[in-house]
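Asks: Fold the stuff below for me.
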Amino acid sequence: ESARLASQVVGSSSLTHDDGVQIIDITNPRSPSAVSAIADDTDNFMRLDGASSIATITINSSTYALVASVGDAGVQIIDITEPSDPIAVSVAVDGSGFKKLSGARSITTMTIGSSHYALVASGIDRGVEIIDITNPNLPVTASDFSYTSTIDAESVIAITGLSTYALVVSSYNNGVQIVDITDLSSPTRVSNIIDGAGGYAELSGVRSITSTTIDSSTYALVAARTDNGVQIIRLQTPLTLDSTNPNYGYATTGDTLTVGFTIDDTIASHSAQFLIPAQTPSSEITHDESYLAMLTVPSTPVEDNATFSITALNSRGAGVIVSDSDYPKNVFIDTIGPRIALVGDANYNVYKDTQNPVILGAIVTDGDPEYSPSYTNTTSGDLDTSDVGSTVTYTYTADADTVGNAGTSVSRTVTVIDYKPFNVTSLTVSSNNSVNNSYAKVGDKITIIINTDGLVEDVLGTILDDANFTSSKHS
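Replies: All right, here's what the predicted structure looks like:
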């Protein structure tokens with residue numbers, strides 16, 4: 001059993017012409033032994049042509065190997081829980097729901113909460129594909145990104161913490177692109193490290209990157225083929241702004257806002273001001289070069305981005321002044337629910353026997369630019385237009401906003417009333433006299449046509465006191 005656990009470290013032969021994976025038992029590093037081998041196009045392994053990189057991850061007590069394939073433009077997922085009997089589980093293929101797997105050169109994994117992901121650097125597609133592998137049997141795309149700074153992407157790693165970052169090395173650009181992937185739906189470039197700039201001298205022809213943590217500091221180590229060297233980079237956390245609200249980028253009453261950053265010196269003095277509005281942080285924490293300020297959102301009515309201004313200085317009075325304008329993504333403070341208002345009057349009349357009466361609705365407004373105004377309509381019964389005097393009440397309730405603030409409600413009462421009074425819009429008098437219809441002789445018929453703007457129930461009248469008066473009603 002101990003040998004099985006130790007063999008979780010999986011090695012690839014790195015000889016792409018073998019198109020496969022060799023699993024080696026290194027329980028005794030002085031005497032490694034071959035456990036099993038996997039070859040492309042055998043036993044349902046279909047994406048191992050030019051196997052270029054491998055990573056492992058444990059999901060629900062099972063251990064998986066993920067192999068990036070240059071030749072097959074994809075990823076092969078393998079269950080290696082029993083190292084002597086690896087099983088092909090699934091594949092992710094460029095063009096089948098995935099857009100950045102052509103020329104897949106490097107793969108790594110990360111876990112955020114209960115979700116598991118694979119990050120694949122692709123040279124031909126010039127970027128990174130992020131794959132959700134929470135269900136290894138059904139990998140799906142979570143996000144992807146591509147920039148000019150990731151052309152010929154060679155390798156990628158993920159750094160997790162308050163925020164999550166992908167570090168991508170590009171042999172074309174001789175540098176490292178740092179991307180904030182905290183919000184997987186919207187990757188954002190943070191910084192770009194280039195060979196020959198800012199003191200970085202060993203990044204020409206970068207091929208591979210890894211990371212390590214020493215005394216709470218995080219470092220990236222980059223291997224550069226052209227420079228025949230290694231560049232060590234200290235990763236200083238850029239400005240981060242976050243909220244405890246489960247909806248990324250939002251906060252409401254009772255949520256805690258956190259803003260933090262790291263500088264390359266010891267912080268000697270500091271001050272902070274959150275404006276939500278004119279509220280000060282509930283606590284501030286400093287430790288060596290790190291700074292953290294927190295605020296619990298009050299119940300003050302507000303629908304706007306969080307604003308803040310923070311000053312951090314060293315013992316010589318030098319340092320940084322940061323504000324919300326320095327952060328590419330903000331947190332939207334929303335303590336007010338959506339509002340709803342009626343279109344038209346609250347008391348609404350419908351005339352008897354009206355077919356398909358039009359009942360005006362309502363309008364919803366909210367300060368959140370991402371909120372899609374909508375409402376729910378409930379009625380106290382069915383509208384019967386044949387029943388004069390009957391009423392129906394319509395209640396419109398605005399749907400809750402992104403953070404769950406309940407919307408307001410309004411009501412309208414609709415009453416069925418009798419036919420409306422009408423006006424005569426035109427009147428014509430004529431006869432059927434064959435010579436002149438403006439005249440009539442004995443036996444001729446005189447016709448009066450009256451047009452109205454309402455429904456006519458009956459017609460009563462006389463012409464020259466003639467008892468033979470008849471009438472007909474038309475729509």
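
Asks: pLDDT wise, what is the residue nearest to Ala341 when sequence neighbours are not counted at?
Replies: With sequence-adjacent residues excluded and distances taken as C-beta to C-beta, 6 or more residues apart in numbering, Ala341 is closest to Ile363, at 5.5 Å. Where you see a C-beta, it was placed from the backbone N, CA and C, and this is true even at glycine. On pLDDT, Ile363 comes in at 95.

Asks: residues in contact with the closest residue in space to Val403 that isn't next to it in sequence?
Replies: Sequence neighbours aside, Thr252 is the residue nearest to Val403 in space, at 4.2 Å (criterion: C-beta to C-beta, 6+ apart). Contact analysis of Thr252 by C-beta atoms under 8 Å, 6 or more residues apart in numbering lists Asn245, Val297, Ile333, Asp334, Thr335, Val403, Gly404, Asn405.

Asks: which SS class is the last one?
Replies: Okay, so that is Asn405. The three-state label given to Asn405 by DSSP: H, G, I helix; E, B strand; the rest coil is coil.

Asks: Just give the closest residue to it, not the sequence neighbours.
Replies: Gly337 (3.8 Å).

Asks: for the stretch 301-450 of the chain, what are the low-confidence residue spans?
Replies: 312, 314-329, 420-421 (pLDDT under 70).

Asks: which stretches of it form strands?
Replies: Here the stretch 301-450 of the chain has its strands, by DSSP state E, counting those that start in this stretch, at 303-305, 307-313, 319-323, 332-334, 339-342, 347-351, 362-365, 375-379, 391-398, 409-417, 424-431, 446-452.

Asks: Out of these, the one nearest Ser211 is which?
Replies: strand 319-323 (24.3 Å; C-beta to C-beta).

Asks: Find the helix or strand that the spatially most central residue of the chain is a member of.
Replies: In the chain, the C-alpha nearest the mean C-alpha coordinate belongs to Ser185, at 5.0 Å (C-alpha atoms, centre = their mean). Counting by DSSP states H and E, there is no helix or strand that carries Ser185.

Asks: next one: the one 5 residues further on
Replies: In this assignment (DSSP H and E), Val190 forms part of strand 188-194.

Asks: What helices and strands are in contact with that strand?
Replies: strand 175-180 (3 or more C-beta pairs under 8 Å, 6 or more residues apart in numbering; DSSP states H and E).

Asks: so how many other residues sit close to Asn349?
Replies: 13 (other C-beta atoms under 10 Å).

Asks: Please apply the same query to Gly260.
Replies: Gly260, neighbours per other C-beta under 10 Å, totals 20.

Asks: now the closest residue to it other than its chain neighbours, which residues is it bridged with?
Replies: Computed as C-beta to C-beta, 6+ apart, the closest residue to Gly260 that is not its neighbour in sequence is Leu292, at 4.2 Å. Going by DSSP bridges, Leu292 is paired in beta bridges with Gly260, Ile285.
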